[in-house]
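**Student:** coords please:
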Amino acid sequence: MEYEQIAAEAKDGILTIRLDRPDRMNAYTFRMREEICHALDRADADDDVRVVVFTGSGRAYCAGADLEMGARTFDPTAHSEVTGEPEDSPDDFRDDGGRLVMRLFRSTKPLIAAVNGPAVGVGATMTLPMDIRICAEEARFGFVFARRGITPDGCSTWFLPKVVGIDRALEWCFTGRVFDAAEALESRLVREVVPGAQLLDRAYEIARSIAERTPAVAVAVTRALLWGMQTEPDPWAAHRIESRALHWAGQSEDAREGVLAFLEKRPPHFGLRVSSDLPDELRSWPTE
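**Tutor:** As a prediction, the model looks like this:
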């Protein structure tokens, strides 16, 4: 795929995906979702990519859905007329932001959001399945759906309360107000706020700490475990599934290498590859 609305560059084990419609404040489109998903597919298949960093071009991260269709922007019938594709029934319809978020959720590589400016609507919800979120001081966030006469997208009714708590999630979604980086930090929507000029440097510093010091497969399994346990009602499921994971991982080459490197006081050289050595349970997960 030739990218038109994102830019993707890999260097030193880190893939940077930049939302790249600066003239439209990186407003979200179906095409953008297709390109992001394509880049993630390539990243998952490329063992040289260890971490993915998301950011935006220009002064915004993502200003939400592109409103070029005017009053019918969110009307699935209108989209069917434009694309020529059959309109889905209410039971079969899947919101496009949700399709993107589910693909992000199924990533086998850690995802870091470096939010450089306004992130509203789907621009905010797409960051929720990312594992680490940091932002620039000038960043702004808004779950503005109610102000547009619609309901939340991007699986945010599942993710957002888990990230910031149900009372904060309700207030943000009820009011649709836009809030600043300080409030995002206080509510734990982001873990760190830095000056805009330092944002990518800080994101890459975090990414390198993963890429250079940890094994790819253990990280992929850990990511799946931590997210997957969010729906379990008690610790018994975690104990059972972690035990299965440890039974598998404890016999691996990476486990032996990790212990020997520590005992011999040298950097580890992990050999397992995400493209070929993931446990079967992870391989069978849907990708969107």
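
**Student:** could you measure residue 130 against residue 253, distance?
**Tutor:** According to C-beta to C-beta, to the nearest Å, residue 130 and residue 253 sit 29 Å apart. For every residue, glycine as well, the C-beta is placed using N, CA and C.

**Student:** neighbour-wise, which of the two wins?
**Tutor:** residue 130 (21 against 14; other C-beta atoms under 10 Å).

**Student:** quick one: the helices in the chain?
**Tutor:** Listed in chain order, the helices of the chain (DSSP state H) span 30-45, 76-83, 96-105, 122-125, 156-164, 166-175, 181-186, 199-211, 216-228, 235-249, 253-263, 274-277, 280-283.

**Student:** how about residue 249, what does it touch?
**Tutor:** Listed by C-beta atoms under 8 Å, 6 or more residues apart in numbering, the contact set of residue 249 reads 218, 221, 255.

**Student:** quick one: which of the residues you listed has the most company?
**Tutor:** residue 221 leads the contacts of residue 249 on contacts (other C-beta under 10 Å) with 22 neighbours.

**Student:** Now render the contacts of residue 249 as a markdown table, adding pLDDT and distance to residue 161.
**Tutor:** Formatted as a markdown table, these follow (pLDDT from 0 to 100; distance: C-beta to C-beta, whole Å):
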| residue | pLDDT | distance to residue 161 |
| --- | --- | --- |
| 218 | 95 | 29 |
| 221 | 94 | 26 |
| 255 | 96 | 36 |
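
**Student:** Closest one of those residues to residue 69?
**Tutor:** The shortest approach to residue 69 among these belongs to residue 221, at 41.8 Å (C-beta to C-beta).

**Student:** which one is that closest one nearest to, not counting chain neighbours?
**Tutor:** residue 245 (5.6 Å; C-beta to C-beta, 6 or more residues apart in numbering).

**Student:** cool, residue 258 as well?
**Tutor:** Using C-beta to C-beta, 6+ apart, the closest residue to residue 258 is residue 268 (5.5 Å).
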